[in-house]
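# sequence plus predicted model, see below.
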Amino acid sequence: MNSVRKFKLQRPTPLSVKEHVAGILNGDRTILSRAITMVESAKTEHRAMAQEIIEQCLPYAGNSIRVGITGVPGVGKSTFIEALGTYLTGKDKQLAVLAIDPTSQKSGGSILGDKTRMEALAADANAFIRPSPASDSLGGVARKTRETIVLCEAAGFDTIFVETVGVGQSETAVHSMVDFFLLLMLAGAGDELQGIKRGIMEMADAIAITKADGDNVKASIAARREYKQALHLFPPTTTGWTPRVATCSSLTNEGIDEVWQLVEEHKLLVSGKGFFEQKRQEQARYWMYETINETLTRRFYDDPKVTHQLQAIEAQVVAGTLSPFAAAQQLLALS
């Protein structure tokens with residue numbers, strides 16, 4: 001009888017904060033991934049170590065262009081990101097693709113599917129694709145993504161794509177951590193302008209109409225004209241930048257370079273007027289307060305006195321014997 005040899009799964013040797021930071025600054029992808037995993041961890045000891053790593057990496061961060069990418073379902077986000085990403089890595093850019101997916105716990109995380117669809121980019125030595133963690137909290141996922149940006153920048157990535165995988169509030173979260181916000185749209189749907197929220201249109205620094213190839217070229221040109229007219233209805237931006245509309249094809253790569261040119265033009269304009277740095281400062285302030293709010297909420301629900309009383313008080317609210325406001329005050333008094 002052949003003996004079956006049993007192999008024990010070897011866990012990676014724990015690294016110190018200093019070793020993590022050194023590895024990240026040297027561009028070690030494995031150590032960068034381990035540090036990001038700690039950022040995403042719910043364990044207190046991991047979070048504490050992750051914060052130390054982030055603090056030590058902070059002086060080496062900030063030297064990238066951060067681009068938020070969102071789009072309607074079926075717009076071809078993954079294909080577009082791969083096309084634009086490959087164009088940039090071909091110019092020796094170091095690209096990190098991150099995602100915000102607050103729905104991943106329920107859906108299984110469509111970004112994982114995106115990673116398999118972006119096969120060429122995933123295999124590119126100049127690119128790094130990182131799925132977002134599963135979480136019920138959009139704020140939690142967004143904060144972790146923002147901290148991951150710091151680590152990626154310290155590791156030498158000069159271009160960061162932050163993709164929204166879920167739809168809805170995630171656009172606002174992405175907008176609050178990027179320098180340029182790109183909205184991908186389709187032509188020929190017939191109700192393009194009605195089918196998208198005004199708020200997302202107002203956030204966009206540019207709109208790219210995708211799939212502008214074959215029989216769809218004429219419709220894409222018409223859609224471009226419509227979107228340009230629609231954008232003129234919005235109040236002018238404080239930076240002096242006028243949101244642009246471009247057409248592109250991820251299939252033929254037509255217009256992909258023009259989309260990136262818009263990103264560079266925007267940075268040149270806002271940097272020259274001091275708005276680039278000002279926006280980053282405002283974003284840092286915003287995330288400080290967001291982190292305070294998230295931490296206070298977590299501490300409240302983790303308090304044993306609150307968890308002991310929560311269900312009973314909730315039952316009274318549902319039964320109508322206690323008002324939601326009085327219930328909230330009772331629970332807050334416990335913490």
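In hand now; what should we look at?

# which phi and psi does the residue lying closest to Gly76 once chain neighbours are set aside have?
Distances taken as Cβ to Cβ, 6 or more residues apart in numbering put Thr210 closest to Gly76, at 5.1 Å, once the chain neighbours are dropped. All C-beta atoms are positioned from the backbone trio N, CA, C, and that covers glycine. Main-chain torsions, Thr210, degrees, to the nearest 10: phi -90, psi 170.

# which ones are touching Thr210?
Applying Cβ atoms under 8 Å, 6 or more residues apart in numbering to Thr210 gives the contacts 71, 75-76, 79-80, 184-186, 248-250.

# which of these fall within helices?
79-80 (DSSP state H).

# can I get the contacts of Thr210 in a markdown table with pLDDT, neighbour count and distance to Glu294?
Listed next are the contacts of Thr210 as a markdown table, based on pLDDT from 0 to 100; neighbours: other Cβ atoms under 10 Å; distance: Cβ to Cβ, whole Å:
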| residue | pLDDT | neighbour count | distance to Glu294 |
| --- | --- | --- | --- |
| Gly71 | 86 | 23 | 27 |
| Val75 | 88 | 19 | 30 |
| Gly76 | 89 | 18 | 33 |
| Thr79 | 93 | 17 | 34 |
| Phe80 | 95 | 23 | 31 |
| Leu184 | 92 | 23 | 29 |
| Met185 | 90 | 25 | 32 |
| Leu186 | 88 | 21 | 35 |
| Cys248 | 96 | 25 | 37 |
| Ser249 | 95 | 22 | 41 |
| Ser250 | 94 | 24 | 36 |
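
# can you tell me which of the contacts of Thr210 is closest to Ala326?
Gly71 (44.4 Å; Cβ to Cβ).

# the closest one reaches Leu184, doesn't it?
Yes - in this structure, Gly71 is within contact of Leu184 by Cβ atoms under 8 Å, at 3.1 Å.

# anything in contact with each of those two?
Joint contacts of Gly71 and Leu184 (Cβ under 8 Å, 6+ apart) are 77, 80, 210.

# please report how far the second one lies from Ala120.
Here the distance between Phe80 and Ala120 works out to 13 Å (Cβ to Cβ, to the nearest Å).

# same thing with the last one?
Between Thr210 and Ala120 the distance, using Cβ to Cβ, works out to 18 Å.

# now Phe276
31 Å.

# please apply the same query to Met177.
On the measure of Cβ to Cβ, Met177 and Ala120 end up 26 Å apart.

# neighbour count: these two, which is higher?
Ranked by neighbour count (other Cβ atoms under 10 Å), Met177 and Ala120 place Met177 first, with 22 against 13.

# residue contacts, the more buried one?
66, 68, 142, 145-146, 149, 162, 283, 287.
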